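Enquirer: Here's a sequence, model it:
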Amino acid sequence: MSVTSTKYRAPALEKGLDIIELLSLHADGLAQGDIARALDRSQSEIYRMLSTLVQRGYVIRSSDDDLYSLSLKMFAISQTYPPVERLLELAAPKMRVVTRKAWQSCHMGMESNGDIVVVASVASPGNWGLAMRAGTVIGLGNTGTGRVLAAFRSDAELDELLDNHRLAQGEPEQDPVEFKEHVARIRECGYERMPSATAVGVTNLSYPVLDHEGQAISVVTCPFLERIDQLEVPGIEDVHQLYKSLAEELTDFYTGKSQV
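Expert: Now for the predicted structure:
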């Protein structure tokens, strides 16, 4: 245990969290004695903590068999601020920071009923750049965003996505076998780097934001444009690292590995 974690411990809070985590594993409930033994605590301290949790509505005590179980309060609290909304709220300012470093635009895309939708977009800080408008529906098979969203999901979910997808404006038909082979390579690589299939001179760099099960809930994409004038800006390898790190940071936040 680190010095910091020792210095700032909150024993009462830890006991309460231990009880909640234990009860989450026992849907049928546990008796007070069972909880005390499982947590190696005295009956008296467990009783005081259980009484508080019951009073606050996090734990229910059955009058029939005197068993304690979790209520739905924590679930209700979690639904008041959905994870995806929190992710988008966090992502927007971080995307602006990275675009200023990279001198390249970026956008975030998600899947909705088979459509690939741009849900956030930040333009390059320079005089020119290529930025997607938020709300735009883009292709599945001909964009880095669509391919990465497809790559990081189960085979059954991928089949469902292909069945539900409606071709976006300008998107060609995809051969399902070739498409699955391509997204399998993306899964191994961890990201997509491809010449744009919609505009000449653009390289799409796309990176997944993953959930606890390794499924892509969103994709961060940079439509990279190479400058050939005298302005010194990061090259494609540096931009790759910037956006890859951004996607990893957002993944850590979504999965609870980081609070920032």
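Enquirer: Spell out, range by range, the helices that occur in this protein.
Expert: With DSSP state H as the criterion, the chain has helices at 3-7, 11-23, 32-39, 43-56, 73-79, 83-102, 144-151, 155-164, 176-189, 236-254.
Enquirer: Now do the same contact list for residue 135.
Expert: 117-118 (CB atoms under 8 Å, 6 or more residues apart in numbering). C-beta coordinates here come from the backbone N, C-alpha and C atoms, glycine included.
Enquirer: What's the local residue count around residue 100?
Expert: Residue 100: 13 surrounding residues under other CB atoms under 10 Å.
Enquirer: Quick check: it vs residue 122, distance?
Expert: Residue 100 sits 9 Å away from residue 122 when distances are taken as CB to CB, to the nearest Å.
Enquirer: Also residue 249?
Expert: For residue 249, the distance to residue 122 - CB to CB - is 15 Å.
Enquirer: if we can go back for a sec, any idea which of the helices of the chain gets closest to residue 196?
Expert: helix 144-151 (8.4 Å; CB to CB).
Enquirer: The closest one packs against which elements?
Expert: Under the contact definition 3 or more CB pairs under 8 Å, 6 or more residues apart in numbering; DSSP states H and E, helix 144-151 sits against strand 106-112, strand 115-122, helix 155-164, helix 176-189, strand 192-195, strand 202-210, strand 216-225.
Enquirer: Report the mean confidence score over that helix.
Expert: Confidence for helix 144-151, expressed as mean pLDDT, is 96.
Enquirer: got the angle between it and helix 176-189?
Expert: Here the directions of helix 144-151 and helix 176-189 differ by 90 degrees (axes from the mean of the first three to the mean of the last three CA atoms, to 10 degrees).
Enquirer: Return the residue of this protein that is most distant from the centre.
Expert: residue 64 (41.8 Å; CA atoms, centre = their mean).
Enquirer: For the nearest residue to residue 145 once chain neighbours are set aside, give the beta-bridge partners.
Expert: In space, and not counting its chain neighbours, residue 145 is closest to residue 109: 3.8 Å by CB to CB, 6 or more residues apart in numbering. On the basis of DSSP bridges, residue 109 is bridged to residue 118, residue 219.
Enquirer: circling back: got a list of what the residue farthest from the centre of the chain touches?
Expert: Taking CB under 8 Å, 6+ apart, one finds nothing in contact with residue 64.
Enquirer: ok, it to residue 194 distance?
Expert: 62 Å.
Enquirer: Repeat that for residue 104.
Expert: Applying CB to CB, the value for residue 104 to residue 194 is 15 Å.
Enquirer: Compare neighbour counts for these two and give me the winner.
Expert: Neighbour count, other CB under 10 Å: between residue 104 and residue 194, residue 104 has more, with 29 against 16.
Enquirer: Provide a list of residues in contact with that one.
Expert: 124, 129, 222-225, 234, 239.
Enquirer: Which residue comes closest to it once chain neighbours are left out?
Expert: residue 222 (5.1 Å).
Enquirer: Which segments of this structure make up each domain?
Expert: 3-78, 83-254 (automatic domain parsing).
Enquirer: can you give me the end-to-end distance of the longest one?
Expert: Going back to what we said before, that points to domain 83-254. 7 Å (CA to CA, to the nearest Å).
Enquirer: from the chain's centre, how far out does it sit?
Expert: Centroid displacement of domain 83-254 relative to its chain, using CA atoms, centre = their mean, to the nearest Å, is 13 Å.
Enquirer: okay, residue 80: pLDDT?
Expert: Reported pLDDT for residue 80: 60.
Enquirer: Kindly report the same for residue 248.
Expert: 96.
Enquirer: any idea how far residue 159 is from it?
Expert: Using CB to CB, residue 248 is found at 28 Å from residue 159.
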